[in-house]
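In: Model the structure of this input:
(chains A and B)
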Amino acid sequence: QQPVQSPQAVILREGEDAVINCSSSKALYSVHWYRQKHGEAPVFLMILLKGGEQKGHEKISASFNEKKQQSSLYLTASQLSYSGTYFCGTENDFGNEKLTFGTGTRLTIIP
Amino acid sequence: DGGITQSPKYLFRKEGQNVTLSCEQNLNHDAMYWYRQDPGQGLRLIYYSQIVNDFQKGDIAEGYSVSREKKESFPLTVTSAQKNPTAFYLCASSIHRDTTYEQYFGPGTRLTVT
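Out: Below you'll find the predicted structure:
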């Protein structure tokens, strides 16, 4: 079943913070985050594994709560380049190398 | 430079024709994938292959076929049985990292069927 992302869309001014959530009804082994610009391929951001690991990537970080089957992506002091649609891809507990993607969160950063 | 190439970038076909989308990677990745993306939607898995000469159906395999005769290549055929073939098609490949894997995408092929 497809993970649920929230919010569906958000508009921020440059420098503001955002949180994007990804929730699954199934047990998860890992969560993968991607950003896609319009008309382009998704770009890999980071992976989070079971264990509540929090990762960082410049001003973009994420957490994974395996008990809640939920991951959150944090964007701090957003830049114009952060605009795009963010997708989470979830891997089920069996680790079968198959991702199920959410419907995405469209992030728009305005000057 | 290593990467995933998909060709062509744009493809137009008449209804009732089969069409094959190319996907090649020189990253030496074992696994390859095909996804379909419709406007405003997420990515849906069509087929995937974890090893040469083997592949599995994804969530929306009906009307599609694939082959994996070489590690570097994973072509997708959209058959006339696919009822709504117009979409953005993305190929991906993955590499193992410790206990998980990282999946990388090609630039995509936008298919329009009229």
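In: and stretch B:67-75, C-alpha only, in CSV?
Out: Coordinates of the C-alpha atoms in stretch B:67-75 are reproduced here as CSV (Å, rounded to 0.1, in the frame of the first residue of the first chain):
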residue,chain,number,x,y,z
SER,B,67,13.8,-8.4,-21.0
ARG,B,68,17.1,-8.5,-19.1
GLU,B,69,19.6,-10.3,-21.4
LYS,B,70,22.5,-8.1,-20.4
LYS,B,71,23.4,-6.5,-17.0
GLU,B,72,23.6,-3.1,-18.6
SER,B,73,20.3,-3.1,-20.4
PHE,B,74,16.6,-3.3,-19.4
PRO,B,75,14.3,-2.3,-22.3
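In: What is the distance between that stretch and the centre of its chain?
Out: A distance of 11 Å separates the centroid of the chain from that of stretch B:67-75, by C-alpha atoms, centre = their mean, to the nearest Å.
In: buried set for it?
Out: Of the residues in stretch B:67-75, those with enough neighbours to count as buried (16 or more other C-beta atoms under 10 Å in any protein chain shown) are B:Arg68, B:Lys71, B:Glu72, B:Phe74, B:Pro75. C-beta here means a position set from N, CA and C on the backbone, and glycine is covered the same way.
In: Now the fourth one: closest residue in space that isn't a chain neighbour?
Out: What that stands for is B:Phe74. B:Met32 (4.0 Å; C-beta to C-beta, 6 or more residues apart in numbering or on different chains).
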